[in-house]
Every structure is written in structure tokens, then in C-alpha cells.
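Asker: sequence and predicted structure below; questions after.
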Amino acid sequence: MRINSERFAELLLVLVVFIWGANFIVMKAAFREFPPLAFNAVRMTVAALVLGVIWLSRERAKKMPLRDWLQLLGVGLLGNALYQILFAIGLDLTTSAISSLLIGTIPVWTALLAVALGWEKISKKTWLGILIAFTGVILVTLGSASEGSNPVATAPLMGNVLTLGAAICWASYTVLSKRLLERYSALRVSAVGLLLGVPGLWPFAITDLVSVDWHSLPPSVYGSIFYTSCLSIALAYLIWSYSIQKLGAARTAIFNNIVPVVTFALASLVLHEPITWLQVVGGVIVLAGVWQTVQHNRRASTR
């Protein structure tokens, strides 16, 4: 029984939603055995090598002018070094559920940055979505457990702030990559951006890496490295690119809004992370705001 390509792409996107939803849980658990910045440097290096090999196998080396290499270096350091540093530290300090929710505000920051650069205009309905999302973020932050009272979130307020900073970094990476994506494939931009940006993680991780006793690490850590690099980045990226080709960017992006829901459920079941009622209400409001923003942009893009 044959399945049409669009339905197949949607099924693959459901898989990606669960991969990305569980990614926060896997990383949070790995941080118990492996320093966050060191773990992130290792898994991002593996992901860069895997995507680099895929890129070279699918696209023959193509010359690029120096200005494009420099631009890729800049966005690579922003999206794959600074973003990852803020994301890893933020995830270590807050809960995986709240981290996934705050990272889910990226479409909101992307819209604001595009307007700030004068590249796009925001309608009243999009502004409403942004306002709703920020209201939810405030409630989530207010609902975070007090310092030291949560064993899985040692400094939730600081973790939330750093995670929001990470979301802004990735939104900036997305907006600044727009011009490059007009000239090169998404695979090239992502793979080269990783290869150029990931070395920026190592100066912040080398001290912890030197002190790691690799022989004493449990097998689960190596499994976490494989999962968070080969599955959540390399495999998920290929599926995401395939889905954009089959469904379009706007229709594909909708699936990203489901990721925090998966993370919230897994965080409660697997890590037993405490979730307050104010966080639940705030989370629902954030998702509603992001949905409003993305949905309106989707309708506008099809006109």
C-alpha cells in the first residue's frame, strides 16, 4: 500500500517532534554525569562532522566568495557557538520543560528582528500573537520555583534569562542566514555554519574536557552524545529539509510548536520535574501566542 509523499513527510515530522521533545530530557540527564559546556562541545562537533560528510556527499565542493565565507563564519559563531553556550548553561540551571517552552518563542523573536532590520512588516494580528507569547513567558518565569527549592533547577530565573538569550541568538541566526539561503542550499548553509561555528565552543569547554574521566563515564552518556548529535541534529535536519520540500516552510514550522508539549510530558514522567500551575497556564499562553504569530505569517505567505 503506497503512501503519498505529503503524508509520509507529516509522519516523519511527528518523529522529529518526539526526537526534539526528548532531546531536552536526554541532555538534562547527561548533565548529571558530564559538564554542560563540555558535553555540548562534543555533541556539536560530532553533529558538524556528520552533516559535513552528508553535505560533501550530496553537493560537490562549490566555490564561494570570501564575503560569503565570512558571513557563514559570523552566523555560524552566532547560531552554533553563542546560542549553544547560552542554551546549555540555561538548560542546566532551569528545567527541561521550561527550556523547551522558552526556546519555542524563536518565531516571535524572528518576527521582531525581521521588522527591526526593515526586512518585513508585522500586522496587528502578528503583534497580538507576540504580546500573548510574552505574557505567557512572564507567567512561566513568575511560576518558576524559588532558588534552591528545585533539585533539577538550581537557578531557574537565571536559567530562564539565558535560555531566552539563546532563543534570541537563534532567531538572529535565522534572520541573518536569509540572504545566504537565497544563494545556497539549506544543507550547505547549515553544514558549513556548523563546521565554522562549532570551534567557538571549544575554548569554553576545554578545561572541563581535560578533567573528564572518560573511562568512568556510564554508557548512557555516550548514548546521549549519539542521540543529541546524530538524531536530534543530523537526522532531524534531513527530515526537516525533506518536509519543507514536500509541505512548504510554513506548514512544516507548525510541527515545531508541538515540541514543548512533548517535553513537558516527558519531563514530568522521566525526570519528575515539578511543574507549577502558573507555569502550565503560562505555557498554554506562550503556545497560543506562538501559534497566532506563525499561523498569521503562514496565511500571509500564501497570498
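Answerer: Yep, that arrived.
Asker: can you report how many residues neighbour the nearest residue to Phe8 once chain neighbours are set aside?
Answerer: Spatial nearest neighbour of Phe8, chain neighbours left out: Lys246 (7.8 Å); criterion: CB to CB, 6 or more residues apart in numbering. Every C-beta, even on glycine, is put in place using the N, C-alpha and C of the backbone. Neighbours of Lys246 under the rule other CB atoms under 10 Å: 18.
Asker: do you know the pLDDT at Lys246?
Answerer: For Lys246, the pLDDT comes out at 78.
Asker: my guess is Asp13 contacts Ser243, does it?
Answerer: Quick fix: residue 13 is Leu, not Asp. Yes. Using CB atoms under 8 Å, Leu13 makes contact with Ser243 at a distance of 5.3 Å.
Asker: before we move on, the earlier item: list the contacts of the residue nearest to Phe8.
Answerer: Lys246 sits next to Ser5, Glu6, Phe8, Ala9 when contact means CB atoms under 8 Å, 6 or more residues apart in numbering.
Asker: kindly tell me how buried the third one is, as a neighbour count.
Answerer: Residues contacting Phe8 under the criterion other CB under 10 Å number 14.
Asker: how much space between Val108 and Ile89?
Answerer: Remark: distance between Val108 and Ile89 (CB to CB, to the nearest Å) = 22 Å.
Asker: if you count what's nearby, which of these two comes out ahead?
Answerer: In this view Val108 and Ile89 are compared by other CB under 10 Å, and Val108 has more residues nearby, 26 against 21.
Asker: show me the contacts for that one.
Answerer: Going by CB under 8 Å, 6+ apart, Val108 touches Gly129, Ile130, Ala133, Phe134, Ala171, Gly289, Val290, Thr293.
Asker: helices - which of the residues you listed land there?
Answerer: The helices in this structure, assigned by DSSP state H, contain Gly129, Ile130, Ala133, Phe134, Ala171, Gly289, Val290, Thr293 from those.
Asker: name only those of the residues you listed that count as buried.
Answerer: Using 16 or more other CB atoms under 10 Å as the burial test, those include Gly129, Ile130, Ala133, Ala171, Gly289, Val290, Thr293 as buried.
Asker: distance of the fourth one from Leu195?
Answerer: Distance of Ala171 to Leu195, computed by CB to CB: 22 Å.
Asker: helix or strand for the residue nearest to Phe8, which one?
Answerer: helix 236-247 (DSSP states H and E).
Asker: with Leu15 instead?
Answerer: Element membership of Leu15, judged by DSSP H and E, is helix 5-30.
Asker: now the residue nearest the centre of the chain, nearest residue through space, not along the chain?
Answerer: What sits nearest the mean C-alpha location of the chain, by CA atoms, centre = their mean, is Ile103, with 6.3 Å. If the residues on either side of it in the chain are set aside, Ile103 comes closest to Ala167, at 5.4 Å by CB to CB, 6+ apart.
Asker: tell me which other helices or strands the helix or strand that neighbour falls within touches.
Answerer: Element membership of Ala167 [criterion: DSSP H and E] is helix 156-176. Counting contacts by 3 or more CB pairs under 8 Å, 6 or more residues apart in numbering; DSSP states H and E, helix 156-176 packs against helix 66-77, helix 83-93, helix 96-103, helix 106-116, helix 124-142.
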